[in-house]
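Novice: I would like to see how this sequence folds:
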Amino acid sequence: MKNLKLIINLIVITSSLMLFQCTSDYTAIPGQDGIDGVDGVDGLDGLDGLDGVGVQECIDCHSTSHREGIFDAYLTSGHGGQPGYSYEAWTRGTRESCAPCHNNEGFIDYIETGAVAVGGYGISNPLNCNGCHDDHRSFDFEKDGNDYAVRTLDAVEFRVFAENDALPDYVLDYGNASNLCANCHQPRRGTPIADDYPGKYLQTSGHWGPHHGPQTALLEGLLGAYTTFTLVEDIPAVKQAAHRTDTAACIDCHMRHTTDGSFGHSWNPTRNNCTDCHSGNAQDLEVAGLEEDMATLGALLEQVVGQAIDDNDEPIFEADGVTPVPVVGIVHLDEGDPNDPDDDEWHPQTGLFDLKDAEAAWNFLFILEDRSHGIHNPNYAKSLIKNSIANLQ
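Specialist: Just a heads-up that it's a prediction; the model follows:
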């Protein structure tokens with residue numbers, strides 16, 4: 001019996017020692033690492049990087065030293081929002097109707113969604129870097145070229161036609177970043193037509209005309225007004241301008257061949273661009289005779305006699321109820337700095353005018369507001385102005 005109890009006690013003690021030994025391997029001991037855990041599942045392989053694109057390619061464009069010349073040039077441009085004409089233009093961008101082109105945020109919204117904020121914006125900022133630039137479409141610069149992260153390269157509807165069901169659709173497509181410019185550099189209004197008064201045009205706004213950005217229309221050879229004219233010179237066909245057919249529009253003339261580190265961000269064409277195509281002294285390049293013809297046409301338009309209108313845009317008559325109250329000048333000149341002809345401003349005059357006079361005034365304002373002095377499409381510009389002069393005389 002004693003032997004049996006001894007055997008049982010030995011079994012219990014042995015079992016306890018075995019249990020202690022098994023569990024002691026997993027008991028944390030202060031100051032010592034625990035055993036390694038089980039390996040996790042391998043992650044997925046990452047995507048291979050693009051050959052030839054590394055940090056240096058980014059630095060080439062995104063370094064402060066590279067961008068300093070661009071910033072400096074931008075601040076001198078009409079897009080820079082400095083005090084003066086361009087500054088006043090950007091302050092208008094709070095309005096819903098103006099925001100697509102006169103407000104950086106409105107421009108981005110318009111490009112990305114086709115619309116701007118309903119009711120406009122609380123603040124209007126000039127167009128800046130992120131207005132024109134967004135994300136690169138490709139980093140394979142060797143194969144695809146540098147897209148400069150331009151916000152859009154898509155073709156653009158010519159708005160005056162797109163918004164008028166009576167006119168055919170027309171698309172502006174220059175095949176490069178010039179399409180971005182074309183979103184805003186086109187007229188907002190169409191040519192004058194006789195609506196309520198046969199043979200007459202009711203001019204109700206002191207801001208009438210193609211607006212301040214008709215460059216693409218002149219480049220294409222669109223929107224000249226001459227339905228009432230007897231033509232003394234042929235009107236060139238659409239897309240016949242050499243600057244339209246040979247150089248693919250905006251960026252090739254306005255952003256190439258700079259030597260000041262600006263990479264064209266003043267958007268003032270360099271003379272080097274002109275000499276690519278024009279031999280001789282590029283300093284002398286101008287549209288021959290156009291300046292003189294514009295002065296002649298302006299003087300004629302200032303003498304045009306129409307009928308005054310009241311605050312309700314109704315024609316005004318003398319006390320007899322028959323004789324029109326006259327208004328002289330369908331456009332008038334506000335002279336600025338006498339030493340600076342570019343400081344002079346032409347403005348439309350409100351009133352009821354013969355449609356022929358209104359068409360001539362439209363052509364005058366069209367070429368004036370284009371601001372290239374006819375260079376975008378010399379033959380078209382000269383023809384419009386010469387025909388306008390002939391039909392007023």
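Novice: Every contact and neighbour count from this point should use C-alpha atoms.
Specialist: Fine.
Novice: mean confidence for stretch 272-279?
Specialist: Throughout stretch 272-279, pLDDT has a mean value of 75.
Novice: Give me the buried positions along stretch 207-222.
Specialist: For stretch 207-222, a neighbour-count test (16 or more other Cα atoms under 10 Å) marks 208-221 as buried.
Novice: scratch that, stretch 262-270 is what I was asking about
Specialist: Neighbour-count burial for stretch 262-270 flags 262, 263, 264, 265, 266, 267, 268, 269, 270 (criterion: 16+ other Cα under 10 Å).
Novice: Nearest to residue 129 among these?
Specialist: Closest to residue 129 out of these is residue 265 (10.3 Å), distances taken as Cα to Cα.
Novice: Would you map the strands across the stretch 251-393 of the chain?
Specialist: With DSSP state E, counting those that start in this stretch as the criterion, the stretch 251-393 of the chain has strands at 305-307, 326-328, 331-334, 345-348, 351-354.
Novice: In space, what's closest to residue 334 - neighbours in sequence excluded?
Specialist: Excluding the flanking residues, the one nearest residue 334 by Cα to Cα, 6 or more residues apart in numbering is residue 345, at 5.2 Å.
Novice: can you count the residues close to that neighbour?
Specialist: Neighbours of residue 345 under the rule other Cα atoms under 10 Å: 12.
Novice: right, and it touches residue 335 too?
Specialist: Yes: between residue 345 and residue 335 there is a contact under Cα atoms under 8 Å: 6.4 Å.
Novice: How about the contacts made by the nearest residue to residue 103 once chain neighbours are set aside?
Specialist: Sequence neighbours aside, residue 93 is the residue nearest to residue 103 in space, at 4.6 Å (criterion: Cα to Cα, 6+ apart). Residues near residue 93 by Cα atoms under 8 Å, 6 or more residues apart in numbering: 99, 100, 101, 102, 103, 106, 120, 121, 123, 124, 125.
Novice: shouldn't the second one be in contact with residue 110?
Specialist: Spelled out, that is residue 100. Yes: Residue 100 is within contact range of residue 110, at 5.7 Å (criterion: Cα under 8 Å).
Novice: out of these two, which sits in the more crowded spot?
Specialist: Neighbour count, other Cα under 10 Å: between residue 100 and residue 110, residue 100 has more, with 25 against 17.
Novice: Who are the packing partners of the host helix or strand of the more buried one?
Specialist: Here residue 100 sits within helix 99-102, counting by DSSP states H and E. Using 3 or more Cα pairs under 8 Å, 6 or more residues apart in numbering; DSSP states H and E, the elements in contact with helix 99-102 are helix 85-91, helix 104-113.
Novice: export those to TSV and tack on mean pLDDT and distance to residue 202?
Specialist: Converted to TSV, the helices and strands packed on helix 99-102 look like this (pLDDT from 0 to 100; distance: least, Cα to Cα, whole Å):
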stretch	mean pLDDT	distance to residue 202
helix 85-91	74	26
helix 104-113	95	32
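Novice: export those to a markdown table and tack on distance to residue 354?
Specialist: Shown next, in a markdown table, are the helices and strands packed on helix 99-102 (distance: least, Cα to Cα, whole Å):
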| stretch | distance to residue 354 |
| --- | --- |
| helix 85-91 | 31 |
| helix 104-113 | 37 |
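Novice: winner for burial among those helices?
Specialist: helix 104-113 (a mean of 20; mean count of other Cα atoms under 10 Å).
Novice: Go through the buried residues of stretch 207-222 and name the one nearest residue 132.
Specialist: residue 213 (17.1 Å).
Novice: Low-confidence bits of this protein, can you list those?
Specialist: Across the chain, the ranges flagged by pLDDT under 70 are 1-32, 46-54, 83-87, 247-248, 279-285, 336-343.
Novice: again, only using 50
Specialist: Scanning the chain for pLDDT under 50 picks out 19-26.
Novice: Okay, domains of it per the record?
Specialist: Following automatic domain parsing, the chain resolves into domains at 63-150, 185-250+284-392.
Novice: can you put the ones you listed in TSV and add distance to residue 168?
Specialist: Shown next, in TSV, are those (distance: least, Cα to Cα, whole Å):
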stretch	distance to residue 168
domain 63-150	20
domain 185-250+284-392	12
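Novice: of all the ones you listed, which lies closest to residue 169?
Specialist: That would be domain 185-250+284-392 among these, by Cα to Cα, at 12.6 Å.
Novice: Regarding the closest one, how distant is the last residue from the first?
Specialist: 29 Å (Cα to Cα, to the nearest Å).
Novice: quick check, distance from it to the centre of its chain.
Specialist: Domain 185-250+284-392 has its average C-alpha position 24 Å from the chain's average C-alpha position, going by Cα atoms, centre = their mean, to the nearest Å.
Novice: again with stretch 231-251
Specialist: With Cα atoms, centre = their mean as the basis, stretch 231-251 stands 21 Å off its chain's centre.
Novice: Please save the CA atoms from that stretch in CSV.
Specialist: What follows is stretch 231-251, C-alpha atoms only, in CSV (Å, rounded to 0.1, in the frame of the first residue of the first chain):
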residue,chain,number,x,y,z
LEU,A,231,-18.2,94.4,-101.6
VAL,A,232,-15.3,96.3,-103.2
GLU,A,233,-12.8,93.6,-102.1
ASP,A,234,-13.4,89.9,-101.8
ILE,A,235,-13.6,88.4,-98.3
PRO,A,236,-11.0,85.6,-97.8
ALA,A,237,-12.3,82.2,-97.1
VAL,A,238,-12.3,80.5,-93.6
LYS,A,239,-9.0,79.0,-92.4
GLN,A,240,-6.9,80.6,-95.2
ALA,A,241,-4.7,82.8,-93.0
ALA,A,242,-1.1,81.6,-93.0
HIS,A,243,-1.0,82.0,-89.2
ARG,A,244,-3.8,79.5,-89.1
THR,A,245,-2.5,77.0,-91.6
ASP,A,246,1.2,77.1,-91.1
THR,A,247,1.9,77.5,-87.4
ALA,A,248,-1.0,75.9,-85.5
ALA,A,249,-2.1,79.0,-83.7
CYS,A,250,-1.5,80.5,-80.3
ILE,A,251,1.5,78.8,-78.5
